[in-house]
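Q: I need the structure of the sequence given here:
(2 chains)
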Amino acid sequence: MKQPVIELINVSRKFVSPVGKTVLALKALSLSIQEGEFCAIVGPTGCGKSTTLGMITGISPPSSGVVKVFNREVKSIDPRIGFVFQTDAVFPWKNVLDNVALGPIYRGVNRQLAKEKALHWINLVGLTGFEYHYPHQLSGGMKKRVALAQTFINDPKILLMDEPFSALDVQTRALMQEELLKLCSENKASVVFVTHDIEEALTLADTVVVLSKGPAIVKRTYQVPFTRPRNVIQARHTPEFIELSRNIWEDLRTEVTI
Amino acid sequence: MNPYDQSITAEDIENLKKIRNRKYLIIILRLLFAISFLTAWELSTQLGFLDPFFFSQPSGIYSQLVVWIFEGTSQGPLWQELLVTLEETCIGFLIGSVLGILCGVFLGTNKLASDVFSIYIKIANAIPRIVLGSIFIIMFGLGMGSKIALAVVMVFFVVFGNAFQGVIETDKNLIANAYILGASKRQVTYTVILPSAMSWILASLHVSFGFALVGAVVGEFLGSRHGLGLLISTAQGTFNASGVFAAMVVLAFVALGAEYLISQLEKKLLKWRPAQLGVEVY
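A: Below is the predicted model of the structure:
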């Protein structure tokens, strides 16, 4: 029996607006993610998907309820967590090599060693030859590769991704999805992947969790029947895929209509 | 096509030539403007449209400069006067900008402190700080101290304001990313907040060196034994318009030199920023 690595038990999250009103982003959300599971969270805009990820990292603790990571309540940022942001979160004043080496350097690894490790990861994400380029000299897809290398170099056991590929064009996105699956299969991390793109969720995940509109609760959970390794492009045209995608669409439609 | 292709084609050479020609054209036009302006000024004083007693004239300013450089001023050699003003300016500039950066980063990273002090900083920023010069003369006497203090005050608020803004505008995602990658609070300050605020801080240094110069010169104006400010006030006392303009010319060269140095520093520190992508060739 696999252990849940992430558990959210009855968590809620309140924000206080400048006029003093309490806004409830999440209400009694419960969710658990097993070891090695790839879980995609879809939901209407503003339903608290990003808030959920923030609570797992420990950057924004829940207002009530418990968040557990590896069976311990989250108090601070767990070093086994990696996070890939929606927008560019690579450091524009550092070149690719220094960007990727940053994690180990922050964690006290010797600079020389960190750079060697970084070179290895730059090679894995296919950016060899661009070590000394600055982010502004790279394309959107290449910047995402830097972000992936930067995250994977820390060997995260939990990978949180907040709509990481939403700013990319369709072709680059498909390429990056393949890349991500490849990296994940080597790294054996549990992944929580927030997205608004149902196709993306179905292509990548083992489980798709549909959230209701805010304050969010889990509306339905789908198991994705496709085996691994998957072919990102081919999976899209199977009847199961189309069927699942229609069902999730239906779930979301009732949430987004006002 | 590979944008990193290093081979040079005939078209590249042609383009380079066009870019170079445009550069020359701009230099020539600039020189033409300066020459026509000075000629118009000289002619209108020669022909009696302007009274050289009030407006001076380029030839008068030139001969004043020659006298100052080769025979020295009434207070001593020109370079010594210049050195005094420069020393006051640079010391004031350094102290003011370091203090400004420190306070800006401190208040920028500390929400409570910034909320408490913001009102006082606005007040301090609104009063004409040059008036403090009189107080500094009383406090520190006629020596360098009072000029340096005035330069510091002039510089501090500009650099402080920009450093503060720069820190506040640091991308929240970058900070979160650094924390998740394993950075400590100190590491975040040094590797994320400071570099991110640096473009703001450097932008303020351009303006604030000029302010330091103003502080030093006005300080000398108000009371001193040496410096370009004193030179100006002596010239004013003897109704010597050429002397005032000549001192202005010297100050302009100092400011230009400093501007050049700061631009070099900026280029070095901000080499990660996207350069101008292409030059339009026509």
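
Q: What's the local residue count around the spatially closest residue to residue A:105 that is not a sequence neighbour?
A: Of all residues not flanking residue A:105 in the chain, residue A:114 sits nearest, at 4.9 Å (Cβ to Cβ, 6 or more residues apart in numbering or on different chains). Yep, even glycine has a C-beta here, placed from its N, CA and C like the rest. Residues near residue A:114, counting by other Cβ atoms under 10 Å in any protein chain shown, number 22.

Q: in which helix or strand would I find residue A:114?
A: According to DSSP states H and E, residue A:114 maps onto helix A:111-124.

Q: got a list of contacts for the helix or strand just after that helix?
A: Next helix or strand after helix A:111-124 toward the C-terminus (DSSP H and E): helix A:140-152. Helix A:140-152 is contacted from outside by A:82-85, A:88-90, A:96, A:99-100, A:102-103, A:118, A:121-122, A:124-127, A:130, A:135, A:138, A:159, A:164-165, A:167-169, A:172, A:175-176, A:179-180, A:183, A:187, B:181, using Cβ atoms under 8 Å, 6 or more residues apart in numbering or on different chains.

Q: export helix A:140-152 as PDB, just CAs?
A: What follows is helix A:140-152, C-alpha atoms only, in PDB (Å, rounded to 0.1, in the frame of the first residue of the first chain):
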ATOM      1  CA  GLY A 140      10.100  31.100 -24.000                       C
ATOM      2  CA  GLY A 141      10.500  27.300 -24.400                       C
ATOM      3  CA  MET A 142      14.200  27.500 -23.600                       C
ATOM      4  CA  LYS A 143      13.500  29.600 -20.500                       C
ATOM      5  CA  LYS A 144      11.100  26.900 -19.300                       C
ATOM      6  CA  ARG A 145      13.800  24.300 -19.900                       C
ATOM      7  CA  VAL A 146      16.100  26.400 -17.600                       C
ATOM      8  CA  ALA A 147      13.300  26.500 -15.000                       C
ATOM      9  CA  LEU A 148      12.900  22.700 -15.200                       C
ATOM     10  CA  ALA A 149      16.700  22.100 -14.800                       C
ATOM     11  CA  GLN A 150      16.800  24.600 -12.000                       C
ATOM     12  CA  THR A 151      14.000  22.700 -10.200                       C
ATOM     13  CA  PHE A 152      15.100  19.100 -11.000                       C
END
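
Q: Give me the angle between it and helix A:111-124.
A: 130 degrees (axes from the mean of the first three to the mean of the last three Cα atoms, to 10 degrees).

Q: Can you give me the buried ones in helix A:140-152?
A: Applying a neighbour-count criterion of 16 or more other Cβ atoms under 10 Å in any protein chain shown, one finds A:141, A:142, A:143, A:144, A:145, A:146, A:147, A:148, A:149, A:150, A:151, A:152 buried in helix A:140-152.

Q: Find the residue closest to residue A:208 in space, skipping its chain neighbours.
A: residue A:222 (4.4 Å).

Q: contacting residues around the worst-scoring helix or strand of chain A on mean pLDDT?
A: Within chain A, no helix or strand scores below helix A:232-235, which has a mean of 74 by mean pLDDT, DSSP states H and E. Contacts with helix A:232-235, where a contact means Cβ under 8 Å, 6+ apart, come from A:174, A:177, A:178, A:181, A:202, A:203, A:204, A:226, A:241.

Q: Give the next helix or strand downstream of that helix.
A: Once the chain leaves helix A:232-235, the following helix or strand, as judged by DSSP H and E, is helix A:239-256.

Q: Show me how far that following helix is from its chain's centre.
A: Here helix A:239-256 is found 21 Å from its chain centre; the criterion is Cα atoms, centre = their mean, to the nearest Å.

Q: cool, and stretch B:130-145?
A: Here stretch B:130-145 is found 22 Å from its chain centre; the criterion is Cα atoms, centre = their mean.

Q: Straight-line length of that stretch, end to end?
A: This stretch, stretch B:130-145, spans 15 Å end to end (Cα to Cα, to the nearest Å).

Q: Give me the buried stretch members for that stretch, please.
A: B:130, B:132, B:133, B:136, B:137, B:140, B:142, B:144, B:145.

Q: List just the nearest of those residues to residue A:55.
A: residue B:132 (50.9 Å; Cβ to Cβ).

Q: pLDDT score assigned to residue B:222?
A: Reported pLDDT at residue B:222 in the predicted model: 89.
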